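*Asks:* Pasted the sequence and its predicted model underneath.
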Number of protein chains: 2
Amino acid sequence: MPISEFDIIARYFAARPARRPDVALGIGDDAAVLRVPPGCELVLAVDTLVSGVHFPEDTPPEDIGYKALAVNLSDLAAMGAEPAWLSLALTLPEPDEAWLAGFAAGLFELADAHGMALVGGDTTRGPLSVSVQVAGLVPAGGALRRAGARPGDLVCVTGTLGDAALGLQVAQGRLDRGVEDNDFLRKRLDRPTPRVAAGQALRERAHAGIDISDGLGADLGHLLEAGGVGARLDLSRLPLSPAFERYRAGLADPDAALSLALGGGDDYELCLSLSPEVFEALPALDVALTRVGVIEERPGLRCVDGAGRECTAVPGGYRHFAG
Amino acid sequence: MPISEFDIIARYFAARPARRPDVALGIGDDAAVLRVPPGCELVLAVDTLVSGVHFPEDTPPEDIGYKALAVNLSDLAAMGAEPAWLSLALTLPEPDEAWLAGFAAGLFELADAHGMALVGGDTTRGPLSVSVQVAGLVPAGGALRRAGARPGDLVCVTGTLGDAALGLQVAQGRLDRGVEDNDFLRKRLDRPTPRVAAGQALRERAHAGIDISDGLGADLGHLLEAGGVGARLDLSRLPLSPAFERYRAGLADPDAALSLALGGGDDYELCLSLSPEVFEALPALDVALTRVGVIEERPGLRCVDGAGRECTAVPGGYRHFAG
């Protein structure tokens, strides 16, 4: 007899009791009941991963569970919020216990690392799809927004760019960089690190922030639009991983790789706008923060090379329904 | 050129500004920022509808939008919560503007009726699926739970049962009850009325409550299990609509219809446990509340007919992965 929906919930998800004192009522009722501390605002985000669209169909269930939460934590990170609770809407073609055990292991690995409680969800039958909703907390009025960048601010990004775009090529069998680099790149695709601590540390220091899910070009574009400003981006400053640099060095035209660093999706790094003074006086972060450009009054995004020459084309980001 | 994800959000969803003063930041950033009033707790629920599983594939988009929110509001109603915010994870095979316009019209019709603000979401490409997350508010400590039913309590249900199960047969072309009854039954399937006001009115009066999404038999079973009690259900008291009664009267064995009223899904009525004294002194509600049984100490659900004879079989509720 196949496992029932109720058994799925009981065995893989509800068996992990919520240990946060702010969970008045967790899984097992019609809805969860939660306590937002006085002086805090609630931050809510939701993101869906569809098999074959957001992850290759052969992605291990552990990585799907991990990534489904990671992409949402990245949104909380971009607001500078402290993660608190999550709920899960899981659609499965059929209940597969090995798959579910792996999925739950990946999901809870990341949830536990951030002290989050799973407080609800819905399991349904259908094509594989995972929708995670996360809730976080910020001091009232303190959330980091997309709007607020000021001319003269530095444009900074966490971590490195373009690895996940290469990882996708590896996953699709279109690129082979040897075992070590293949593993690194694939992990950057399947197990992105949401910059939660950096987002919280920069919340009160940055003027604006966004997470980079569709490529720096596209997401910085949203930040500029929200702020009514423009930016000059120095392509020679884009932070690249050693694996990416090795890939790039082997190309006939190394600059062609920059379109991946600028336009590739799934990086889940943060892009921030902060004053040069604040940038110089930053506390230690758990991830590198690299200045890649400067905010300007004139709207639009301009790219320059290391010699300051303006580039003609700015590679765009990934659009799900792009024409 | 097909419409992009960003245009979808802008045109059909973000164009409707959130008008609630408790929305500090709505659609258009990495996450929404919301204010929970002092003295209130947050109530969160999520439910997914998958095409071909939770609604027939030819369901009009208006009805899909309406129902995706309605099934979630039913969860808030079961907690006695006041609806506040919603977010939407929409997965579409392709951007179809006529479909989106219809979907948004149905969704906002119900959201507006309850004063809710859409505060975020995610649109992705894939097999048609709609996941809605709702957030509501209750006075701290005041949520109505599944647990709490007491021996001697009356088991009561709102509205009528079994209509949606007949509506599904109509939608599948397996039943034809004439234009008027067909329309009524199909509407009960496609446009269930979440009992939000009744849930709030009964929150402080009932000992326990649950919404009926998988059939009274199954959902009352959850309520009994949560409370560590049992119940005796009088099948002659099940509230049935005139359309259902007409269908039943035409059957060779009218009692066969009761399995639909007891085991059919998608009713989205409330099932409540409340003391006889409270039941007698209830204020006027916007929906009928019918006593259908009594809570007993002995665990398990026992059904009796109008003459008090115990029935041998209790039809079970719908299980998504039932064996």
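*Replies:* Alright, I've got the coordinates. What you see is a predicted model; the values in this text were computed from it and never measured.

*Asks:* I figured residue A:258 hits residue A:236, correct?
*Replies:* No. The pair residue A:258 and residue A:236 fails to qualify as a contact (Cβ atoms under 8 Å) at a distance of 9.1 Å. Where you see a C-beta, it was placed from the backbone N, CA and C, and this is true even at glycine.

*Asks:* Which of the two has more residues huddled nearby?
*Replies:* residue A:258 (21 against 13; other Cβ atoms under 10 Å in any protein chain shown).

*Asks:* tell me the contacts of the residue most central in space within chain A?
*Replies:* Centroid check for chain A by Cα atoms, centre = their mean gives residue A:268 as the closest residue, at 3.0 Å. Neighbouring residues of residue A:268 by Cβ atoms under 8 Å, 6 or more residues apart in numbering or on different chains: A:70-71, A:74, A:164, A:192-195, A:211-213.

*Asks:* domain ranges for chain A?
*Replies:* According to automatic domain parsing, chain A comprises the domains A:5-139, A:154-304.

*Asks:* Which of the ones you listed has the highest mean neighbour count?
*Replies:* With neighbours defined as mean count of other Cβ atoms under 10 Å in any protein chain shown, the domains of chain A peak in mean count at domain A:5-139, which reaches a mean of 21.

*Asks:* tell me the average confidence for it?
*Replies:* If you average the pLDDT over domain A:5-139, you get 92.

*Asks:* can you give me phi and psi for the nearest residue to residue A:216 once chain neighbours are set aside?
*Replies:* Excluding the flanking residues, the one nearest residue A:216 by Cβ to Cβ, 6 or more residues apart in numbering or on different chains is residue A:262, at 5.4 Å. Backbone torsions of residue A:262, given as degrees, to the nearest 10, read phi -100, psi -30.

*Asks:* Where does residue A:72 sit: helix, strand or coil?
*Replies:* helix (DSSP: H, G, I helix; E, B strand; the rest coil).

*Asks:* What distance do you get for it to residue B:193?
*Replies:* 32 Å (Cβ to Cβ, to the nearest Å).

*Asks:* The contacts of residue A:268 in strands, which ones?
*Replies:* A:211-212 (DSSP state E).

*Asks:* tell me the contacts of the residue nearest to residue A:216?
*Replies:* Taking Cβ under 8 Å, 6+ apart as the test, what residue A:262 contacts is A:161-162, A:215-217, A:233, A:235, A:238, A:303, A:314-315.

*Asks:* now the helices for the stretch 201-323 of chain A?
*Replies:* Per DSSP state H, counting those that start in this stretch, the stretch 201-323 of chain A carries helices over the ranges A:216-227, A:242-249, A:258-263, A:276-280.

*Asks:* Mean pLDDT lowest where, among those helices?
*Replies:* Among those, helix A:258-263 scores lowest, with a mean of 91.

*Asks:* so how far is that one off the chain centroid?
*Replies:* Offset of helix A:258-263 from its chain centre (Cα atoms, centre = their mean, to the nearest Å): 17 Å.

*Asks:* As CSV, could you dump the C-alpha coordinates of that helix?
*Replies:* Only the C-alpha atoms of helix A:258-263 are listed here, as CSV (Å, rounded to 0.1, in the frame of the first residue of the first chain):
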residue,chain,number,x,y,z
LEU,A,258,31.7,37.8,-18.1
SER,A,259,28.3,37.6,-19.6
LEU,A,260,27.8,34.5,-17.4
ALA,A,261,29.0,36.3,-14.4
LEU,A,262,26.7,39.2,-15.2
GLY,A,263,23.8,37.4,-16.7
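
*Asks:* check contacts around residue A:169.
*Replies:* residue A:175.

*Asks:* any idea how far residue B:128 is from it?
*Replies:* From residue A:169 over to residue B:128 (counting by Cβ to Cβ), the distance is 29 Å.
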